[in-house]
Each structure stands twice: as C-alpha cells, then as structure tokens.
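Engineer: Turn this into a structure:
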Amino acid sequence: MNVKSEWADVKIIDCRGPLCVVDDDESVRWSVTTLLHSMDFDAHSFSGGKEFLESEFVDTCVCLISDVKMKRMSGFQLYEALTESGKSVPVIFISGHADEAMRSSAIALGAQALLDKPFSDEALLELVEKVLAARGAGGR
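Structural biologist: Next comes the predicted model:
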C-alpha cells in the first residue's frame with residue numbers, strides 16, 4: 001500500500017532548540033504540541049504566559065506559538081514581557097477571535113504572523129518553517 005503523508009509537500013527545516021506553545025485551551029496545546037512532536041520538533045506546552053516565563057525554556061525557545069486571548073496574561077502581554085527583558089524570540093500568534101485590529105497589533109509588536117483558529121496543520125507548519133528559516137536555525 002502506498003500512502004502519501006498529508007504533510008508530504010511541507011518541507012520542514014532542522015531547528016536547534018525548543019518550540020514553545022502557550023495556550024490556556026488544553027486541547028489546542030495538546031494538538032499543536034503533538035503535531036510538532038510528530039515532525040520531530042522539541043516542543044513544550046504551557047497553560048499561560050507566567051508558566052512559560054518561569055520555565056527553563058524561556059532563554060532557549062527558538063519559536064513561540066501563543067494564543068492572544070488568555071485569562072491571566074494575553075499573548076501580547078507575554079511578548080511584551082519577553083522583549084522588555086531583552087529576549088528576542090520569533091512569535092506566531094494564534095486566535096479564535098482575530099480581526100484586522102488584532103492583526104495590526106500583532107504585526108506592530110513584531111510578530112511573524114497571526115493565525116486564525118481553527119487552522120490547518122499545513123498552515124502552522126509552513127509558518128514555523130518560515131520563522132525557523134528566517135532565524136537561520138539548524139540541526140534538530
């Protein structure tokens with residue numbers, strides 16, 4: 001039987017360091033982290049910004065995937081806290097409530113993208129590839 005992977009056309013480059021997923025929705029955290037693991041990424045998930053900021057991965061994260069609207073700390077607040085502390089990490093924001101104002105705010109903050117939920121595996125993987133390629137990451 002010849003089965004073609006649904007990701008056969010998505011080229012994933014090697015990366016060095018963890019990808020971190022921050023979302024207060026457990027099902028989103030699980031599905032995104034599982035997808036990244038299936039592509040051999042070192043992925044870790046966090047239920048909120050505070051948990052990520054207090055983690056051992058805050059200094060080594062090569063790509064942050066964060067929900068915008070979360071209960072205690074928004075994704076925008078998380079990204080501002082990172083930049084204020086001198087950390088530079090590419091971010092892909094995700095949101096189930098995206099509009100043009102939110103998209104403009106995300107780009108103004110320096111985000112690579114704002115992806116509307118629900119999104120396809122391919123859409124997320126293509127964005128991750130672009131972020132890592134721009135970062136020049138190598139060696140998974």
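
Engineer: Beta-bridge partners for residue 113, please?
Structural biologist: Applying DSSP bridges to residue 113 yields these beta-bridge partners: residue 92.

Engineer: Could you measure from it over to residue 91?
Structural biologist: Counting by C-beta to C-beta, to the nearest Å, the gap from residue 113 to residue 91 is 9 Å. Quick note: C-beta positions are derived from backbone N, CA and C, even for glycine.

Engineer: helices or strands next to the longest helix along the chain in the packing?
Structural biologist: For the chain, the helix with the greatest residue count under DSSP state H is helix 121-135. The helices and strands touching helix 121-135, judged by 3 or more C-beta pairs under 8 Å, 6 or more residues apart in numbering; DSSP states H and E, are helix 26-38, strand 63-67, strand 91-95, strand 113-116.

Engineer: could you redo the ones you listed as TSV and give each row distance to residue 132 and mean neighbour count?
Structural biologist: Shown next, in TSV, are these (distance: least, C-beta to C-beta, whole Å; neighbours: other C-beta atoms under 10 Å):
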stretch	distance to residue 132	mean neighbour count
helix 26-38	12	16
strand 63-67	6	26
strand 91-95	11	25
strand 113-116	13	19
